[in-house]
Every structure is written in C-alpha cells, then in structure tokens.
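> coords please:
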Amino acid sequence: MPPPLPPRRSGSGFGAFLRTVGRGINTFRLVIINLVFFSVLFMLLLLIVGGIAGSRMQRTIQNNSVLVIKPTGALVEQYSADPLQRAMDSLSGNGPKQVQLRDLVGAIDAAARDKRITRILLLPGELQGGGFAALHEVGAALDRFRATGKPVLAWAANLDQGQYYLAAHADRLLIDPQGGVMITGLANYRLFYKGLLDRLGVDVHLFRVGQFKSAAEPYILDHASAQSKEADSYWMDGLWDSYIAEVAGLRKLDPATLRADIDDLPQNIASTRGDLAQLALNEHLVDGLATRAELVAMLRKAGVPADRKGHGLREVDLARYAASVPGNGNAFAPGVAIVVAEGEIAGGKQSPGSIGGESTAALIRTAREDRRTRALVLRVDSPGGEVYAAEQIRREVALTRTAGIPVVVSMGNVAASGGYWISMNANRIVADPNTITGSIGIFGMYYSVPNTLAKLGVQSDGVGTGPMAGAFDITRPLDPKVGAVIQAIIDKGYRDFVGRVASARGRSFDAIDAIAQGRVWTGKQALDRGLVDQLGGLRAAIADAASLAKLGKAYPVRYVESPMGGFEHFLVGLNQSASVRLLQSWGVHLPNWVAGLSARMPELQLLRNARPGVPNIYADCLCSPH
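Numbering: from 1, shown residues only. Purely as a prediction, here's the structure:
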C-alpha cells in the first residue's frame, strides 16, 4: 500500500499570493466590463426612447414657425471632423465647431418654399470664420428668401466685419445696447522666421519662379518684400472695395461715408464716449438696439406665437430643420455630380477638409465612372500645396472631359496657385467676385542643418562614389551645383504651369506669363484678365454644368464623397437627429472630456508634409486676409 500523499498546502506562499492577485484583477475586470456594458446599454435605450419621441418632434414643425439660424464655428465646404467626433460633441453638449455651407444654404432655400416658416431669425454672433465668398453665398440665399416676401431679422451682442457682412442682408438689424459693431478693414500680416532659423543654424534654400511668389518668404526674410506688399495691397484693396460697395448697397449708405466712418473710428468713438452700440446706430450700421428679451417681445408683438410651454418663440433651429429637408430629386436619375476640393493639397490619401492627390483624384474618377453623372462640378477652396498631387487631380479633370462629361469649376474662398492648377482644365471656371485666385507660380524649398550640428559639436564627413552622391544629405551644406539642378526643375515646373494655363485658356504663353509670376487676383480681377469665365456662386456653376450636359431644368444634384460605413452613417444620423436634442433637454449628456477622445487634425501648414532630404516643390499661396 503506497504511503499517503502529504496534505496540499493552500492559502500560503507566493503561488497563493499570485492566485489571489489574479482573482482580484479578474473581478475588477468584470466590474469594469459590466459598467461599460450597462452604460452603453443605458445610452442605447435612451436613444431608442428619444428617437421615437424625437422623430415625432422632427415631423411636427408647426405652422407660423421661425427658422433660427445660429451658425457656430467655421463655415466650411465639408466637415473636417469625422462623424465620431461630431457625434461625441453633440452628445457631450458641446456646440458644433463647423457649419457646412451646403446645409446652411439648402436650409434657407427650403425655408423660402416652406409655408410653415414665416421668417428667419439670424444670430451670427458665434460664427468664427468664413471667407467672403462663402459668406456671399449665404447672403445670396438670404436675399432669395427675402424675395419671397418673408422677412429676415438679425440680432447679435457684438459683430465683427465677417459677421456683419452676413447680418447686413437682413431686413432689420439689431444689436445689444452693451454690444457693438467692429469693422476695421483687411490685413495680411505674417510671422517671419529667418532670425529664429539663423539662431538654430538651419539653412533654408528657396528656389522659385515669379517675382510675386511670396509664400515662402517667411523662411528666408525677416520682413515682407516690396513685391509682396505691392501684390497683396492690390488684391486686398479690390476685396475691400467690394465689401464697402456691397454693405453700403444693402444698408443704403454712401460708400465714401461708410469707408470714412470705418477709418475714423478712433475719432468717432469719442462722440459717444466709448459706446460702440450707439455709434453703430448713429452711423446707420444697425436699425436699433435691443436686448434678447426685447427681441423676443418684439417678435411676439409682430405675430410670432410662443412655444408649446407658452414661453419664447415658436422656432426651429438650423440643425433640426436641415435634417428634415428632403433630398434633391431622384437620386438614381442622370444629373450633376459635385466633388469638393477643400484645404491644402498634399500627396496620397487625405481626410475630408484636405485635398489628397490620390483621394481627390479617386473621387473625380468615381464620379466619371458613375452612369448617373452627366456633368461634374469641382468645388475648389484651396490655396494649393504639392505640385505633383495637384497634377494628379488635374489629369483626372482632363480625363473626365475626354470621356464626354463637361466639367465646371466653382471657386470658393480661395482657388489660388495649386488651387488654380487643379481648376484650369475645366470647360468653364466660375468664381465669386470675392474669390482669391491666380498665384500662378511655383517654388521649392530645401533645408540643411550642418550649422545646427556644429552648434552641438557634431560634424559630418565621409566619401561618396561621385559628385552627386550624398547631394541631398541634410547634414551637409548644399552644393551650388545641386542648387542649379533644383532651380532648373523649378523653372521647368513654372513653364509647365504657364503653358498649361495658356493652352486651357486659349492664350499665348507670354500673355499668361504677364499675369502669372505668382501674382494674386480677386475673382473680379481674374475675370478682367481672362483667368475665369464667369462670376457667380455654386448655384451658377451647377446651372452652367447642367446646360453643357443638356439636362434641362429638372435634374438631381449629388455630392461624391468617400463612402461611409454603417456605423459612420449611424453616427451622422445620430448627430443630426432630434433625439439627441430631446435627450439633452432631459439633462442627459456625456461628460465633456468624451468629446476630446478623438483628436482633431490641426490645420495643415505649408511644411507639414515636407519630406526631409529632398527638395519639396509647391504651388501654394498664403493669401487669406484677416
């Protein structure tokens, strides 16, 4: 009989300790998983309940309602934030950071036809950015709304010159007695980095063609060149003249008086002892002063009913109304496709809000290969960027025309340098009078850091198999012979740019060269010089494209964008749904920190996609006024 086994020891020793820790970790893991699961389940149940009630809210826009337009954030052609970020912002109770131009204009045009909407209340005080061309599109939509006999009332606490440009389209414009209007004019001041780069020992080598091609000057100078100031003054003066003329016309003011009042603000403000609101009233920039409560009382007196609880106004906000606007015609019928090209042009695939040589070219190709596409509108809002990426897009435009599909370019706020490059081969180019365009020229930059290394006590030395070996080693000084090679490449690129524009516009090389040289023009100035075919907005470009395709008067218009998955579609619908607003009204919000989980891409800068050790060639324009 074998001897009995010794008793198993438990509850002591290092192994038991590890088992205890393991059980504790497992228990903690299960608690966390359950918390997350039930939290998500709770939110889904709330969304289902809210969706049922919210869909009922969405369907019941009451008669005699006011459409409240309160654009918050930047006015953009397409969202740069992804659907997840936008949904998290909404669920966290944070306001939107961007307003899509097409949604805003579409809602205003739909409201003009909607018998339930009697007027628009415009609250532009939180609009943080938008070029004059985009604001002009919104202003034109407000004018179309007013032409139906429905009034537009604008109110804000304070208005800057961009917000005022929009508010001036109202039938009646009011500001808070403690607010004011601040119109100062346009400026284009840049930071110059030469001194900093010299201190760091970084050598910047600039190769360019075009005496007015100034985009890279901040890296080689400590001040703006005389040519840059000359060119900037010309197009900014043209833009400002248009601003003064349009605002004066809308407000029935004398343009010379309006300009003088703006320039003489330091003297004029003394007459009201620092009261900006009273000064705006005295100068007829506004029609009256009113608090928000007085505004509501005024609208109630004008016949606007109260809300369901007997307070405020019977209103519908922009997001809720835009989500209820039906689509444009039969989506399966032949029509006009729109591809948006907004932001800096960079190589490869880029996310919305940026232009990728591969991704934007693929969108144009998708539109061309779709049997429903009878005409293409390329909506361009770009200062340019990498030359090769721009050329990839231009080739797709040319192939689309070769396939028998007419292409019309609609220029937004900016379509300059590389933005013009991708536009030049269209059948027709339509620009807003306030578009910033031209800047036909290219430049290349190369960095080397031997002096930086020397400051750190580091030297580079060795041998190569020939005079060009190691030519683009950034740790070594740039050989002048290599510099001559780069300049020859830039010269060839400029000849290609000017030559292609000349061919597309039916002009001689010398005629285009005379108005190129990197010089910037407004849309109106570009029309005078034959760089665009027509002044107008996106609606004019769509109508032009439909006419070229002989589509008649009724046709669908659809945007061609990167396809979204089912989850992204859900998030977009969630972000636009009335259920989200209903849940918020019940006090249901995600924590504010959740909105920061999806990091946003910062605005692409000139050198963000620069590749070290090779010359980077750009067709870019730093030409946005402030």
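> So which residues of the stretch 351-500 of the chain form strands?
For the stretch 351-500 of the chain, applying DSSP state E, counting those that start in this stretch gives strands covering 355-356, 373-382, 384-386, 407-416, 428-431, 436-438, 442-448.
> Show me how far the fourth one is from its chain's centre.
In terms of C-alpha atoms, centre = their mean, to the nearest Å, the gap separating the centre of strand 407-416 from the centre of its chain is 13 Å.
> what lines up beside that strand in the sheet?
strand 373-382 (parallel), strand 428-431 (parallel), strand 436-438 (parallel) (DSSP bridges).
> what residues are up against the residue at minimal distance from the centre of the chain?
The chain has residue 76 as the residue nearest its centroid, 3.5 Å off, counting by C-alpha atoms, centre = their mean. Residue 76 makes contact with 98-101, 342, 353 under the criterion C-beta atoms under 8 Å, 6 or more residues apart in numbering. Every C-beta, even on glycine, is put in place using the N, C-alpha and C of the backbone.
> Please identify the member of those residues with the greatest number of neighbours.
Neighbour counts for the contacts of residue 76 (other C-beta atoms under 10 Å) peak at residue 101, which has 28 neighbours.
> So that residue is in contact with residue 74, correct?
No. Assessed by C-beta atoms under 8 Å, residue 101 is found out of contact with residue 74, at 10.2 Å.
> and residue 247, what does it touch?
164-165, 168, 253, 258.
> Distance to residue 131 and pLDDT added to the contacts of residue 76, as JSON lines?
As requested, the contacts of residue 76 are arranged in JSON lines below (distance: C-beta to C-beta, whole Å; pLDDT from 0 to 100):
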{"residue": "98", "distance to residue 131": "14", "pLDDT": "86"}
{"residue": "99", "distance to residue 131": "13", "pLDDT": "91"}
{"residue": "100", "distance to residue 131": "14", "pLDDT": "92"}
{"residue": "101", "distance to residue 131": "10", "pLDDT": "95"}
{"residue": "342", "distance to residue 131": "11", "pLDDT": "95"}
{"residue": "353", "distance to residue 131": "15", "pLDDT": "81"}
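> So which residues of the stretch 351-500 of the chain form helices?
Under the criterion DSSP state H, counting those that start in this stretch, the stretch 351-500 of the chain contains helices at 357-369, 387-402, 418-421, 450-455, 480-505.
> what's the most buried one of these?
Across the helices of the stretch 351-500 of the chain, averaging neighbours per residue (mean count of other C-beta atoms under 10 Å) puts helix 418-421 on top, at a mean of 31.
> list the helices and strands that helix packs on?
strand 373-382, strand 384-386, helix 387-402, strand 436-438, helix 480-505, strand 616-620 (3 or more C-beta pairs under 8 Å, 6 or more residues apart in numbering; DSSP states H and E).
> so can I have CSV of the ones you listed showing distance to residue 539?
Below are the helices and strands packed on helix 418-421 laid out as CSV (distance: least, C-beta to C-beta, whole Å):
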stretch, distance to residue 539
strand 373-382, 10
strand 384-386, 26
helix 387-402, 21
strand 436-438, 19
helix 480-505, 24
strand 616-620, 29
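> circling back: any chance of the helices of the stretch 351-500 of the chain in TSV, plus mean pLDDT and distance to residue 61?
Shown next, in TSV, are the helices of the stretch 351-500 of the chain (pLDDT from 0 to 100; distance: least, C-beta to C-beta, whole Å):
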stretch	mean pLDDT	distance to residue 61
helix 357-369	96	34
helix 387-402	96	40
helix 418-421	96	39
helix 450-455	90	63
helix 480-505	93	47
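> so where's this structure shaky on pLDDT?
1-22, 24, 28-29, 31, 35-59, 81-96, 328-329, 563-626 (pLDDT under 70).
> closest to residue 296 out of the helices of the stretch 351-500 of the chain?
Closest approach to residue 296 among the helices of the stretch 351-500 of the chain (C-beta to C-beta): helix 418-421, 43.8 Å.
> how about stretch 531-550 as CSV, C-alpha atoms only?
The C-alpha trace of stretch 531-550 is given here as CSV (Å, rounded to 0.1, in the frame of the first residue of the first chain):
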residue,chain,number,x,y,z
LEU,A,531,-8.4,83.6,-65.9
VAL,A,532,-12.0,82.7,-65.2
ASP,A,533,-15.1,82.7,-67.4
GLN,A,534,-17.9,84.0,-65.2
LEU,A,535,-18.7,85.5,-61.8
GLY,A,536,-21.1,83.6,-59.6
GLY,A,537,-21.6,81.0,-56.9
LEU,A,538,-22.1,77.3,-56.7
ARG,A,539,-25.7,77.6,-58.0
ALA,A,540,-24.4,79.3,-61.1
ALA,A,541,-21.8,76.6,-61.7
ILE,A,542,-24.3,73.8,-61.3
ALA,A,543,-26.7,75.5,-63.8
ASP,A,544,-23.8,76.0,-66.2
ALA,A,545,-22.8,72.3,-65.9
ALA,A,546,-26.4,71.2,-66.5
SER,A,547,-26.7,73.4,-69.5
LEU,A,548,-23.5,72.0,-71.0
ALA,A,549,-24.8,68.5,-70.4
LYS,A,550,-28.3,69.4,-71.9
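> What residues sit buried inside it?
Of the residues in stretch 531-550, 531-533, 535-546, 548-549 count as buried by neighbour count, 16 or more other C-beta atoms under 10 Å.
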